[in-house]
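Engineer: The amino acid sequence is not available; the structure is as follows:
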C-alpha cells in the first residue's frame, strides 16, 4: 500500500512538472511543452487575425511559399509549428485570401498537415506531380496576383531559391505565371508586425535579458585583476544555455579605461575582441541578445568597476551617460509612422549635433530575427543614410533595437569615450515605448 501511494505521488509530481513554469533564480521560463503550446497559439493568432489584414494591405489575394528541407525560406520558417523544426521534403504553402467572403484559406501542397493551422491539400495518389498539384489549386482559385518571395534588397523577403522559381514557372500555364509578383511588402509586414500577444511575451523576454546582464555585471561574476572579458562572455553563453535559452549572436564584452585611446568604429564593431583582464576603474560594455519562442532581443548596457576609494560611479561618467540617453530621446521622438528610416536618421543626427552631441545611430528592426525586416535607421558606417532599406517607411506595431552611441570627451581621462546603448523598443499607434524600460545610469559594481 505504501509503495502504491509513493508511486501515485511520483506520478503526480511528474504531471505537475510537465506543465509548470520553471523558476530559475529570478527567471520565469516555460518548459518545452508549454513553450510549444504558446508558440502555436501565437502562430494561429497571426494567421487568423493578422495575415488577412496584411494581404489586403499588400493587395495580394494569393501568397506562395516554397522551401526544401534544411534550406528554408526565412519567412516560411516563422510559420512552422513548434513540432516542425524544419520543413519536410519540399514544403509548399498557399494562402488564398477572398476579401469579398472575408476568408483566408491555408493550404499545404505537401504530404502532411503543417500542424493544426495549415491543412494538406495534395493527394499524391491522384496527382503524383507536386508542381502540377499546385498548379491545379492555383487554377481553381484563379487569383488576381500571386505573391512569391523574391526581393532584391530585403534578404528576409527573398527566400524563393532559383530552382524553386524555375520549376514553378515551368509548371504553370502562361496565364498564371504572368500573375507572379514580388511579395516583398507582404513578407516584410509579416516579419516586422508584432501582435499584442507577442508583445506581452516580448516584455518578459527583454526582462530576462536585462536580468542576465545584471547577473553578469556583478561582484559574483567579476574579480578585478583575474576575470577577463572573455571569461564574462562565456559566463553569459553558459548562463543562457543553463536556462534552456539560446543566443542569436555571440555576445561581446569590452572595456574603456583612462590610459587607453578610444578604438575606431570598425574596431569597436568587430566581433573578435581582444581579451583583457578587467581592473578596478574600468568602464564595461556588453552587447547581448537571446532567442525564445520565436522572438529575439538585442541589448547593450554599461557597468563600472568601483575603485577602492569610490562608493559610486564618478560624476563625469554619469554625465557622459546622460548624453547617451539624450540621443535615444532624440531618435525616438523623431519616429513617426510613414517617415522613412533615412528621414528619421538625418533629422535625429542633425538635432543631436545642434545640441552639441556627437551621435552615431544604427537602429534596426527586431523581432522574428535579430536583424529583422523593416526600416533601417542608419548603419555605423552609413551615417548619411542607407539605400533602399532606409527608404522603407516606419510602420505601426513594429519593434526595433534602439542602437546608437555618442562620443564624449572626458577631461579626467584626457580622452574620448563612447557611450554605446541598445534597447528593445516598440512603435505602436504613433507612440514609442521601451519594451521593458531602458538603462538610465551606469551600473556600479562594488568589489568587497
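Structural biologist: Perfect, I can see it now. Worth saying up front: this structure is predicted, and the values here are computed from it rather than measured.

Engineer: only C-alpha atoms for contact and neighbour calcs from this point on.
Structural biologist: Fine.

Engineer: and residue 152, how many neighbours does it have?
Structural biologist: Residue 152 has 10 neighbours, counted by other CA atoms under 10 Å.

Engineer: Next one: it from residue 134, what distance?
Structural biologist: 25 Å (CA to CA, to the nearest Å).

Engineer: cool, residue 202 as well?
Structural biologist: The spacing between residue 202 and residue 134, counted by CA to CA, is 37 Å.

Engineer: and the host helix or strand of residue 188, what's its mean pLDDT?
Structural biologist: Using DSSP states H and E, residue 188 maps to helix 184-192. Rounded to a whole number, the mean pLDDT of helix 184-192 is 98.

Engineer: What are the contacting residues of that helix?
Structural biologist: Contact partners of helix 184-192, identified using CA atoms under 8 Å, 6 or more residues apart in numbering, comprise 51, 54-55, 58, 75, 149-151, 154, 156-158, 365-368, 372-374, 398-399.

Engineer: now stretch 377-384
Structural biologist: By CA under 8 Å, 6+ apart, stretch 377-384 touches 265, 341-342, 344-346, 360-364, 385-386, 390.

Engineer: do stretch 35-55 as well
Structural biologist: In contact with stretch 35-55 (CA under 8 Å, 6+ apart) are residues 61, 79, 81-83, 97, 103-104, 117, 186, 189-190, 195, 197-198, 293-294.

Engineer: thinking again about what came up before, and the helix holding residue 188, what's buried?
Structural biologist: Neighbour counts over helix 184-192 (16 or more other CA atoms under 10 Å) mark 184, 185, 186, 187, 188, 189, 190, 191, 192 as buried.

Engineer: Next: stretch 354-362.
Structural biologist: 357, 358, 359, 360, 361, 362.

Engineer: hang on, the earlier thing: tabulate the buried residues of helix 184-192 in TSV, adding columns for distance to residue 206.
Structural biologist: Listed next are those as TSV, based on distance: CA to CA, whole Å:
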residue	distance to residue 206
184	29
185	28
186	27
187	25
188	23
189	22
190	21
191	19
192	17
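
Engineer: Now the residue nearest to residue 226 when sequence neighbours are not counted: phi and psi?
Structural biologist: Of all residues not flanking residue 226 in the chain, residue 277 sits nearest, at 6.2 Å (CA to CA, 6 or more residues apart in numbering). Backbone geometry at residue 277, expressed as degrees, to the nearest 10, gives phi -80, psi 120.

Engineer: doesn't residue 231 make contact with residue 277?
Structural biologist: No - using CA atoms under 8 Å, residue 277 makes no contact with residue 231, being 9.2 Å away.

Engineer: Which residues outside stretch 352-368 are in contact with it?
Structural biologist: Stretch 352-368 has contacts (CA under 8 Å, 6+ apart) with 78, 191-192, 194, 294-298, 323, 327, 330, 345, 349, 371-380, 383, 398-408, 424.

Engineer: Please list the members of those that lie in strands.
Structural biologist: Among the contacts of stretch 352-368, the residues falling in strands (DSSP state E) are 295-296, 398-408, 424.

Engineer: Pick out the most distant pair among those residues.
Structural biologist: Using CA to CA, the ones in strands among the contacts of stretch 352-368 span at most 33.6 Å, a distance reached by 295 and 408.

Engineer: Where do the helices of the stretch 301-448 of the chain begin and end?
Structural biologist: According to DSSP state H, counting those that start in this stretch, the stretch 301-448 of the chain carries its helices in the segments 315-333, 341-354.

Engineer: Could you dump those into JSON lines and include mean pLDDT and distance to residue 238?
Structural biologist: Compiled in JSON lines, the helices of the stretch 301-448 of the chain are given as follows (pLDDT from 0 to 100; distance: least, CA to CA, whole Å):
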{"stretch": "helix 315-333", "mean pLDDT": "98", "distance to residue 238": "29"}
{"stretch": "helix 341-354", "mean pLDDT": "98", "distance to residue 238": "36"}
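
Engineer: can you tell which of those is closest to residue 437?
Structural biologist: helix 315-333 (12.1 Å).

Engineer: How many residues are close by residue 153?
Structural biologist: Residue 153 has 12 neighbours, counted by other CA under 10 Å.

Engineer: Now flag whichever of the contacts of stretch 377-384 is closest to residue 225.
Structural biologist: Of all the contacts of stretch 377-384, residue 265 has the smallest distance to residue 225: 27.0 Å, by CA to CA.

Engineer: any chance you could read off phi and psi for the nearest residue to that closest one once chain neighbours are set aside?
Structural biologist: Leaving aside its chain neighbours, residue 265 sits nearest to residue 380 (7.5 Å; criterion: CA to CA, 6+ apart). The phi/psi pair for residue 380 (degrees, to the nearest 10) reads phi -60, psi -30.

Engineer: So what's the residue count around residue 380?
Structural biologist: 17.

Engineer: do you know how far it is from residue 371?
Structural biologist: Distance from residue 380 to residue 371, by CA to CA: 14 Å.

Engineer: would TSV of the ones in strands among the contacts of stretch 352-368 with pLDDT be doable?
Structural biologist: Formatted as TSV, the ones in strands among the contacts of stretch 352-368 follow (pLDDT from 0 to 100):
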residue	pLDDT
295	96
296	97
398	98
399	98
400	98
401	98
402	98
403	98
404	98
405	97
406	98
407	97
408	98
424	98
